[in-house]
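Visitor: Quick one, what's the 3D model for this:
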Amino acid sequence: MENIGQIVIYVLIGLGVLIFFSFFVTVKQGSIAVITVFGKYRRILTPGLSMKIPFIEAIYKKVSIQNRSLEMEFQATTQDQANVYFKAMLVYAVISHDEEIIKNVAFKFVDERNFMQALIRTIEGTIRGFVSTKKQAEVLSLRNEIVMEVKQHIDVTLAGWGYHLIDLQLNDITFDEEIMKSMAKVVASSNLKAAAENEGQALLITKTKAAEAEGNAIKISASAEREAAQLRGQGVALFRKEVASGMALAAKEMHDASLDSSFLLFSMWTEAIKHFAEQGKGNTIFLDGSTDNMKRTMQEIMSLNLPEQPKK
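Guide: Sure thing, here's the model as predicted:
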């Protein structure tokens, strides 16, 4: 009997310990527990250690207040009957920790599956309605407009459910294979046209610059040739002046020495022949070296010195 009594005492102590610990409940960080009494909402428990009445208060649901993400794939039709395929990522979360918001999140839908179904269908419907008013060529350039349209319409609906939309990303927008091929051809032809135009502009610029360079070179060459001709003319004039001055001085010295100036002309003639022979570089010069030719040459030279005969 004593053993039975001890067993009963141990059992009662164990039950007491279990009942004592059942007064405490732990809620994980990032979650809020919803407490009901006989199926009716009573209160919420924030993260940490809390107390509840055992066997009377029950945890109906733990609501996550962390950000959640959802990937979606769906199809829409444009105004010109082109099929558009979307891949999107949705980020959403509970609006706040307020009690009324938590109540909406906990009791608005039967379970999480029904909430996800309603959320996905609402977003798909909003995007399909927007895309149906646009043409195929406009869709790719309206990525931001589609996101803004969804946020504008779905924020009110999600607020009634206790959630708000943090971000919506349209990661991929594609069309049917035939449409994609035709779009690729359009882009390729556009790129070829742009390349041809750029090549033509480059060729035009190259030829224009070459023509400008050639014109400038001709101008520079002509200017240099003109300056060179001027310098050559000035050099010839200066040479003639110096020759005349030298000849006048030499004639004066010969006259002072009582010598015939014909010797000066003869000396210049022989020096010229010597210069021809030295600088001829293989060229042949034919000269009549006979006595008669020499006499005739001397007469011609001397005739240059004769005073001009007065006219009768």
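Visitor: need the longest helix for this protein.
Guide: helix 177-256 (DSSP state H).
Visitor: now for that one, which elements pack on it?
Guide: Judged by 3 or more CB pairs under 8 Å, 6 or more residues apart in numbering; DSSP states H and E, the packing partners of helix 177-256 are helix 262-279. No exception for glycine: its C-beta is placed from N, CA and C like everyone else's.
Visitor: Partner strands of the helix or strand harbouring residue 49, with direction?
Guide: Per DSSP states H and E, residue 49 falls inside strand 48-51. Applying DSSP bridges to the sheet, strand 48-51 is found paired with strand 24-27 (antiparallel).
Visitor: who's in contact with the strand it pairs with?
Guide: 33, 45, 46, 47, 48, 49, 50, 51, 52, 59, 62 (CB atoms under 8 Å, 6 or more residues apart in numbering).
Visitor: Would you verify that the last one is located in a strand?
Guide: Spelled out, that is residue 62. Yes. Looking at residue 62 with DSSP: H, G, I helix; E, B strand; the rest coil, it is inside a strand.
Visitor: how near is it to residue 169?
Guide: To residue 169, residue 62 is 28 Å away according to CB to CB, to the nearest Å.
Visitor: how deep is residue 81 tucked in, by neighbour count?
Guide: 9 (other CB atoms under 10 Å).
Visitor: What pLDDT does the model give it?
Guide: In this model, residue 81 is scored at 84, pLDDT.
Visitor: Residue 116 too?
Guide: Residue-level pLDDT assigned to residue 116 equals 90.
Visitor: Leaving out chain neighbours, which residue sits closest to it?
Guide: Nearest non-adjacent residue to residue 116, counting by CB to CB, 6 or more residues apart in numbering: residue 70, 7.1 Å away.
Visitor: Does the one you found lie in a helix or a strand, and which?
Guide: Using DSSP H and E, residue 70 maps to strand 68-77.
Visitor: Just give the strands next to that strand in its sheet, each with its orientation.
Guide: Next to strand 68-77 in the sheet, as set by DSSP bridges, lie strand 83-94 (antiparallel).
Visitor: in the strand it pairs with, what's buried?
Guide: 84, 86, 88, 90, 92, 93, 94 (16 or more other CB atoms under 10 Å).
Visitor: before we move on, what about stretch 156-171?
Guide: 158, 161, 162, 163, 164, 165, 168, 170.
Visitor: between those residues, which is nearest residue 14?
Guide: The closest of the buried residues of stretch 156-171 to residue 14 turns out to be residue 162 (CB to CB; 41.4 Å).
Visitor: quick one: residue 73 and residue 84 touch, right?
Guide: No. If you go by CB atoms under 8 Å, residue 73 and residue 84 don't touch, sitting 11.9 Å apart.
Visitor: Tell me what angle the longest helix of the chain forms with strand 83-94.
Guide: Counting by axes from the mean of the first three to the mean of the last three CA atoms, to 10 degrees, helix 177-256 lies at 100 degrees to strand 83-94.
Visitor: chain center to helix 177-256: distance?
Guide: 37 Å (CA atoms, centre = their mean, to the nearest Å).
Visitor: ditto for stretch 103-119
Guide: Distance, centroid of stretch 103-119 to centroid of chain: 48 Å (CA atoms, centre = their mean).
Visitor: what distance separates the start and the end of that stretch?
Guide: 18 Å (CA to CA, to the nearest Å).
Visitor: Same check on stretch 58-73?
Guide: End to end - CA to CA - stretch 58-73 spans 38 Å.
Visitor: I'm done for today, thanks for sticking with me.
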